[in-house]
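S.K.: Sequence first, then the predicted structure, then my questions.
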Amino acid sequence: MHHDIDDLRRFYYQRSLGRVVQRILRDRLAARWQPSACTGMTVVGFGFAVPMLRPYLAGSRRVTALMPGPQGVMAWPAGMANHSVLCDETAWPIETGSVDRLVMLHGLETSDHPAALLGEAWRVLGPGGRMIVMVPNRAGLWAASDRTPFGYGRSYTTGQIEAQTRAAGFVTEWHGSAVYIPPSDRRFWLRSAQMWERTGARISRVLIAGVALVELSKQARAPVGPALKVHVPNPLEILDGVGLGRPLGEPTRRETSAKSRGDRELGGDGA
């Protein structure tokens, strides 16, 4: 089941709870990828990652927001040149190996082809590239409520998302969690959200977060195709017979060379 772009826009930009979640997730992302450290990089978001990308607009070489067709697309950012693109979820209009940082929010859990989607993410990431995936935590309250975008599609445990991304050729560099408040619009929870985030980071085994986060790097795959034949010289070719046994009484190579030299000298005196 795919999200609808209008529902996502209303949640993150018009609803108080959505604005709080936006700030929490953006702060967690910026703590891992400081915008100043991404200067000159190509930053891409897939799904509905635009709430996460604004801090990178100023210094990055290029910022692109990819939105899957079934979800729909909106112009972003407001009042500036458009950076959003409608695309097929498994065929992105991005050059292979050209992306330095990729964030995926509301993309993987609703994908019809999650393995192919992760394969496309692997393709566009360049050497040293990193990706952060944000998905609903299966054990959290948010995955059980359909009043927010995190109640749609598949939910994951950290182990499940790590296993799925590992099968796609990624290496887990870090994992964390966020959004410890319940999916409620009550003022108490909204005003105390930052306090709950700090507390949850310290006692995450007690408080269950609504969102699981995993940071991944690209693992180089082994060449695929016919095996290359490598000629390994025979040790006898390298040593050219050194160390081989000889029949008893047979002259050594040094003795044979000395005899030949003596024969030549005698031949020269006789001429």
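M.R.: Received, thanks. Numbers count the residues shown, from 1 in each chain.
S.K.: And the helices in the stretch 1-150 of the chain?
M.R.: Using DSSP state H, counting those that start in this stretch, the helices of the stretch 1-150 of the chain run over 5-13, 16-32, 50-53, 114-124.
S.K.: Identify, out of those helices, the most deeply packed stretch.
M.R.: helix 50-53 (a mean of 24; mean count of other CB atoms under 10 Å). Bear in mind the C-beta positions are built from the backbone N, C-alpha and C, glycine included.
S.K.: How far away from the center of its chain is that helix?
M.R.: 18 Å (CA atoms, centre = their mean, to the nearest Å).
S.K.: taking the mean pLDDT, what do you get for that helix?
M.R.: If you average the pLDDT over helix 50-53, you get 96.
S.K.: hey, which helix or strand in this protein has the poorest pLDDT?
M.R.: Scoring the helices and strands of the chain by mean pLDDT, DSSP states H and E places helix 235-239 at the bottom, with a mean of 52.
S.K.: what about the nearest residue to S16 once chain neighbours are set aside, how many residues close to it?
M.R.: Excluding the flanking residues, the one nearest S16 by CB to CB, 6 or more residues apart in numbering is L190, at 5.8 Å. Taking other CB atoms under 10 Å as the neighbour definition, L190 ends up with a count of 14.
S.K.: so what pLDDT did L190 get?
M.R.: Looking at L190, its pLDDT is 94.
S.K.: wait, what's in contact with it?
M.R.: The neighbours of L190, taking CB atoms under 8 Å, 6 or more residues apart in numbering as the test, are S16, L17, V20, I181.
S.K.: which SS state does it fall under?
M.R.: Counting by DSSP: H, G, I helix; E, B strand; the rest coil, the backbone at L190 sits in helix.
S.K.: partners of the strand ranked longest in the chain, with directions?
M.R.: Looking only at the chain and at elements set by DSSP state E, the strand with the highest residue count is strand 125-136. The sheet places strand 125-136 alongside strand 99-105 (parallel), strand 211-218 (antiparallel), with pairing taken from DSSP bridges.
S.K.: how much does it deviate in direction from helix 16-32?
M.R.: Between the axes of strand 125-136 and helix 16-32, defined by axes from the mean of the first three to the mean of the last three CA atoms, to 10 degrees, the angle is 150 degrees.
S.K.: Toward the C-terminus, what is the element adjacent to strand 125-136?
M.R.: Counting by DSSP states H and E, the next helix or strand C-terminal to strand 125-136 is helix 158-167.
S.K.: before we move on, the earlier item: figure out which of the strands paired with strand 125-136 is closest to A121.
M.R.: Each of these was checked against A121 via CB to CB, and the shortest separation belongs to strand 99-105, namely 6.0 Å.
S.K.: would you put the C-alpha positions of that closest one in CSV?
M.R.: Output in CSV follows, covering the C-alpha atoms of strand 99-105 (Å, rounded to 0.1, in the frame of the first residue of the first chain):
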residue,chain,number,x,y,z
VAL,A,99,25.6,9.8,-5.2
ASP,A,100,27.5,10.6,-2.0
ARG,A,101,24.6,10.6,0.5
LEU,A,102,21.2,8.9,0.1
VAL,A,103,18.3,9.0,2.6
MET,A,104,15.3,6.8,2.3
LEU,A,105,12.1,7.8,4.2
